[in-house]
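Engineer: next input, structure requested:
(2 chains)
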Amino acid sequence: MIDEAVLQRVLGAALRTGGDFAEVFAEDRRSSSARLDDGRIEEFTSGRDRGAGIRVVRGDTTGFAHTSDLTEEGLRAAAEAAGAAARGGGGGVRELALTRREAERPHGVEVLPQDVPKARKAELLVRADEAARSSGAGVRQVGVSYGDSRRRILVANSDGLLTGDDQVRTRFMVQCVAAGDTGMQTGFEAPGATVGFEFYDEVDVTEIARTAARRALDMLKARPAPSGTLPVVLKRGAGGVLFHEACGHGLEADLVGKDASVFRGKVGEAVASPLVTLVDDGTYAREWGTYAIDDEGHPAQRNTLIEDGELTDYMWDFLRARKEGRESSGNGRRQSYQHLPMVRMTNTYVLAGDDDPDEIIRQTPHGIYCVQLGGGQVNTATGDFVFGITEAYMIENGEVTEPIRAANLIGNGPEVLRAIDAVGSDFDTWAGTCGKDGQGVPVSSGQPTLRVAGMTVGGTAGA
Amino acid sequence: MPEGASPPAPTAKVHRPGGKSASSGDLLELVDRVVGWAGPGEQVEAYAARGHHTSVRVFDGEVESLSSADTSGIGVRVVVGGRQGFAYAGSLDESVLAETLAEARDNAAFGTVDEFLGLAGPDGVEPAELDLFRPEMAAFPADRKVELALEVERATRAADPRIRGVETASYGDTIAESALASTQGIRTTAQRTVCYVNADAIAGEGAESQTGYGYSVGRQPDELDVAKAAADAAERATRMLGARKPASRRVTVLFDPMITSRFLGVLSSALSAEAAQKGRSMFAGREGEAVAVPFLTLADDPTEPRAFGSGPYDAEGLASRRNLLIEDGLLRGFLHNTYTGRRAGQPSNASAVRGGFKSTPGVGSRALALAPGTRSQEELMADAGEGLLVQSVTGMHSGANPVSGDFSVGVEGLMVRGGAPAEPVREATVASTLQRMLLDVAAVGGDLEWLPGGSAGVTLVIRDVTLSGS
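Structural biologist: Next comes the predicted model:
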């Protein structure tokens, strides 16, 4: 993307105001998407974003500037702006030598989506639409989205690092509306993976469509969700969001460093049920949050965060790690070259346990069973978090019975982690977008079927 | 912080005066050029935007980061043979313009033929004179921006001895500029400036932490009220100290203005004609019916000078206008862009919105507000007697569904007893349905204020919602 000698000169220019670290992050992102809605392919969209973000660190201060001009002149202007923002005195000229480091990719990409004819992508949309509409007379509306992106990045810094990555992601979404005597309900399904068009060899778009349609139809029969504290069983995959919110964000070193996490100072302590081992793993082949290097050039890692209930470590980016005199854990990510990196999760999951998933349900006299979640939110300083259920059922006398309508569940991270009293032997993951400080990045979360002894369910009916 | 806790996002699409890129004149020249490349029988629309954005974050009296950046890009829409295609590029380089048009044209070949597709044409409505752009912003020095961020942090800490820290204290500003042109005779430009300070305070000792958020927004820095942002953050955090989980029950809730603004944001998506036509709105097919209490009136008015979402034109270049959506409880109509208007056999009411140059215009509100009542929040609490004053909500995105109307969100706030604020509560939810809530509105306050984003805040009292706790 940018010549090595140019990078060296630009980094040199960035450090002229006295910075002690400089970095060039360049990105070339091509994306394509297509949307079918209301029975019509509304439009195909193509996008291109290309540019570089330059940061200069001096002490605890970071100066940042970005540009879409990748010429030496454009990069130098951004470098000078970043340097001025982190200005100090002194400075002078520093000689830099860059050493290229090849990133080790967790898996290869077989078919670049950009090489696939648009007509084939259109055909996927139509097939999904037909499958959803033929799922039941109650299905009134179907929206289908296709999306792919190829993000090539380059990272060069004043520590001499020069590396890059080529990240290809593919996602398919179906959203259905069903209508009946009880009003209208929605259902969606949206798998995604860090792979190319070969994704469609493994997932069947008609299956995705039928799942979304079934959810909407089932919800028509749902009764209001209960209100109050109940045992909650989370089906494999769906409940990963709980860990993302209950403790994932609270284990990000930037929030910990600002005293904005209930997990501050807890390394080595028991913070969860001994049944819980939580991992954040950016190397998980093909998963939605996977990459070879993070957006600071550090290779992705598999990091154990909680082992048998004991907090083992936080997640780290370059700046927070440098402050503590340790290595980054490969969690420095950014939405685009227009953003500063910060500590972010990748694929965060709980390892499978020993319990039979069906037995977990049978051993629950009265509670709710969550099959799909619709996202969540946490206040890391208090530990209070919510997540929405979009497909859930009552458990009565150890059996899954009627569906219940959408609601949020609320809990406190440390309390909920301790209240996990059964962990199943199955496992699945779920793809989503994580938002933090206005930046969205692809992440996944995963878990086996498990049970929380009690959580507040925010419905309207009696518990 | 995760969703919901970020600073008020400047809603402006942006751009920079002064320096290399002078006024929006050059942007208009650029979009004109792209439109001039339209082939026979093609409708082409080009939208170009440019922005200059500064943000300063401070922590513990030191600058944590200072970003200064220009963004620019173009989005091109082509309608040909009853099909539509779109492409964008995050650059205004000469080399990408033709490529972007060519991509949009190629994409159009794969769309479905739809007789209602087509670009907007001028409709004769004159744009409102709005003072949204302050040239002073470009000259405001970086040192002063840093000082404002440091000041909001200092003031938050100083506001109360129980403030233990300030997780985020920041200043941000945006200077935005855009131009739109089309083969149908649309030629518009818009410029705006916006700036903010905000603070996330942490209060508490030992194991307890409570948080509170405060901010101030303006069109230029001298409109910012740093003291108020700091005082709000500190008060919201300290008044939550000792908060407990409440017992489950039915309650009357009082939404603080900021919460009402977010509540209106959910209603807004159900008031789009696109959602209604596609059967994705709980209001579909209910025009003329009573959907709310008789004293509730809701309008979108992007000509309102105090609203941060206002602008002279909508995203298709039609002059902004006031649209009455709910009047005295009756559903009066929906927000339309050119496409939904044609589909409904009526003109657009200038409610096209776009998220920037990366998407085609959709339909939405920009300055939604309830007609305010006359009573203050204190008076409304006194009237309610018992209830819950909600100061923050979580999970609005995962718990409020404008299609089904299902509503369930996490809340923090103060119980109201004997007409006055009492003990703080947390880790609870409130739930109802949006349809029910509009019919259960007990009062709209007189404390209307324009907040960042597309809707105004006002205290809103709603009876009979389910509070879930222990």
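
Engineer: alpha carbons only for contacts and neighbour counts from here, please
Structural biologist: Noted.

Engineer: for the chain, give me the ranges with low pLDDT.
Structural biologist: In the absence of a named chain, this looks at chain A. Where chain A drops to pLDDT under 70, the residues are A:88-96, A:463.

Engineer: let me rephrase: I mean chain B.
Structural biologist: Counting by pLDDT under 70, chain B shows low-confidence ranges at B:1-24.

Engineer: what ranges do the helices span in it?
Structural biologist: If DSSP state H is used as the criterion, the helices of chain B fall at B:25-36, B:94-108, B:136-139, B:142-158, B:226-238, B:257-270, B:273-277, B:338-344, B:377-384, B:396-399, B:434-439.

Engineer: doesn't B:Thr429 make contact with B:Pro246?
Structural biologist: No - counting by C-alpha atoms under 8 Å, B:Pro246 stays clear of B:Thr429, with 9.8 Å between them.

Engineer: before we move on, the earlier item: save the helices of chain B as CSV, and put in mean neighbour count and distance to chain A too.
Structural biologist: Supplementary listing: the helices of chain B in CSV, determined by neighbours: other C-alpha atoms under 10 Å in any protein chain shown; distance: least, C-alpha to the nearest C-alpha, whole Å:
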stretch, mean neighbour count, distance to chain A
helix B:25-36, 19, 17
helix B:94-108, 20, 5
helix B:136-139, 14, 15
helix B:142-158, 21, 8
helix B:226-238, 24, 11
helix B:257-270, 22, 13
helix B:273-277, 22, 9
helix B:338-344, 20, 12
helix B:377-384, 19, 21
helix B:396-399, 23, 5
helix B:434-439, 19, 11
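
Engineer: same list (those helices) but as TSV, adding distance to A:Ala270.
Structural biologist: What follows is these, written out as TSV (distance: least, C-alpha to C-alpha, whole Å):
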stretch	distance to A:Ala270
helix B:25-36	59
helix B:94-108	55
helix B:136-139	51
helix B:142-158	32
helix B:226-238	28
helix B:257-270	37
helix B:273-277	48
helix B:338-344	57
helix B:377-384	44
helix B:396-399	30
helix B:434-439	42
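
Engineer: closest one to A:Leu305 among those?
Structural biologist: helix B:396-399 (26.4 Å; C-alpha to C-alpha).

Engineer: and the closest one, what does it pack onto?
Structural biologist: Packed against helix B:396-399 by the contact rule (3 or more C-alpha pairs under 8 Å, 6 or more residues apart in numbering or on different chains; DSSP states H and E) you find strand A:366-378, strand A:384-396, strand A:407-412, strand B:406-417.

Engineer: if we go to 7 Å?
Structural biologist: strand A:366-378, strand A:384-396, strand B:406-417 (3 or more C-alpha pairs under 7 Å, 6 or more residues apart in numbering or on different chains; DSSP states H and E).

Engineer: what sits in contact with each of B:Pro246 and B:Thr429?
Structural biologist: Between them, B:Pro246 and B:Thr429 have B:Gly469 as joint contacts when contacts are counted by C-alpha atoms under 7 Å, 6 or more residues apart in numbering or on different chains.

Engineer: span of stretch A:343-354 from start to end?
Structural biologist: Stretch A:343-354 stretches 32 Å from its first residue to its last (C-alpha to C-alpha, to the nearest Å).

Engineer: ok, it near chain B or not?
Structural biologist: No - using C-alpha under 7 Å from any C-alpha of the partner chain, we find that stretch A:343-354 stays clear of chain B, coming within 10.4 Å at best.

Engineer: test my guess that A:Ala97 contacts A:Gly160.
Structural biologist: Yes - when contacts are counted by C-alpha atoms under 7 Å, A:Ala97 is listed as touching A:Gly160 (5.5 Å).

Engineer: circling back to that earlier point, and the helices of chain B: which comes nearest A:His244?
Structural biologist: helix B:396-399 (14.6 Å).

Engineer: give me phi/psi at A:Phe197?
Structural biologist: Backbone torsions for A:Phe197, taken as degrees, to the nearest 10, come to phi -70, psi -10.

Engineer: tell me the contacts of it?
Structural biologist: The contact partners of A:Phe197, taken as C-alpha under 7 Å, 6+ apart, are A:Val111, A:Leu112, A:Pro113, A:Thr170.

Engineer: using the three-state scheme, assign the last one.
Structural biologist: Here A:Thr170 is recorded as strand under DSSP: H, G, I helix; E, B strand; the rest coil.

Engineer: contacts only, for it.
Structural biologist: A:Gly147, A:Asp148, A:Ser149, A:Gly192, A:Ala193, A:Thr194, A:Val195, A:Gly196, A:Phe197.

Engineer: what about those, which are in strands?
Structural biologist: Counted as lying in strands by DSSP state E, out of those, are A:Gly147, A:Asp148, A:Ser149, A:Gly192, A:Ala193.

Engineer: mind giving me TSV with those residues and columns for neighbour count?
Structural biologist: Listed next are the ones in strands among the contacts of A:Thr170 as TSV, based on neighbours: other C-alpha atoms under 10 Å in any protein chain shown:
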residue	neighbour count
A:Gly147	20
A:Asp148	24
A:Ser149	24
A:Gly192	24
A:Ala193	24
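
Engineer: list just the nearest of the residues you listed to A:Met219.
Structural biologist: Here the nearest of the ones in strands among the contacts of A:Thr170 to A:Met219, counting by C-alpha to C-alpha, is A:Gly192; it sits at 24.1 Å.

Engineer: gap between the closest one and A:Asn347?
Structural biologist: If you measure A:Gly192 against A:Asn347 using C-alpha to C-alpha, the figure is 13 Å.

Engineer: A:Gly330 now?
Structural biologist: 12 Å.

Engineer: now do the same contact list for the closest residue to chain B within the stretch 251-400 of chain A.
Structural biologist: Going by C-alpha to the nearest C-alpha, chain B is nearest to A:Gly388 of the stretch 251-400 of chain A, at 4.9 Å. Neighbour list for A:Gly388: A:Leu373, A:Gly374, A:Gly375, A:Gly376, A:Ala406, A:Ala407, A:Asn408, A:Leu409, B:Ser398, B:Gly399 [criterion: C-alpha under 7 Å, 6+ apart].

Engineer: quick one, strands of the stretch 1-150 of chain A?
Structural biologist: Listed in chain order, the strands of the stretch 1-150 of chain A (DSSP state E, counting those that start in this stretch) span A:21-37, A:40-58, A:61-67, A:99-101, A:139-157.

Engineer: among those, which is nearest B:Ala158?
Structural biologist: The minimum distance between B:Ala158 and the strands of the stretch 1-150 of chain A falls on strand A:61-67, with 23.3 Å, by C-alpha to C-alpha.

Engineer: partner strands of the closest one, parallel or antiparallel?
Structural biologist: Note on strand A:61-67: by DSSP bridges, its sheet partners are strand A:40-58 (antiparallel), strand B:62-80 (parallel).

Engineer: if we can go back for a sec, need the contacts of A:Gly388 in TSV with distance to A:Leu220, can you?
Structural biologist: Conversion of the contacts of A:Gly388 to TSV gives the following (distance: C-alpha to C-alpha, whole Å):
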residue	distance to A:Leu220
A:Leu373	17
A:Gly374	17
A:Gly375	21
A:Gly376	23
A:Ala406	11
A:Ala407	15
A:Asn408	18
A:Leu409	21
B:Ser398	18
B:Gly399	17
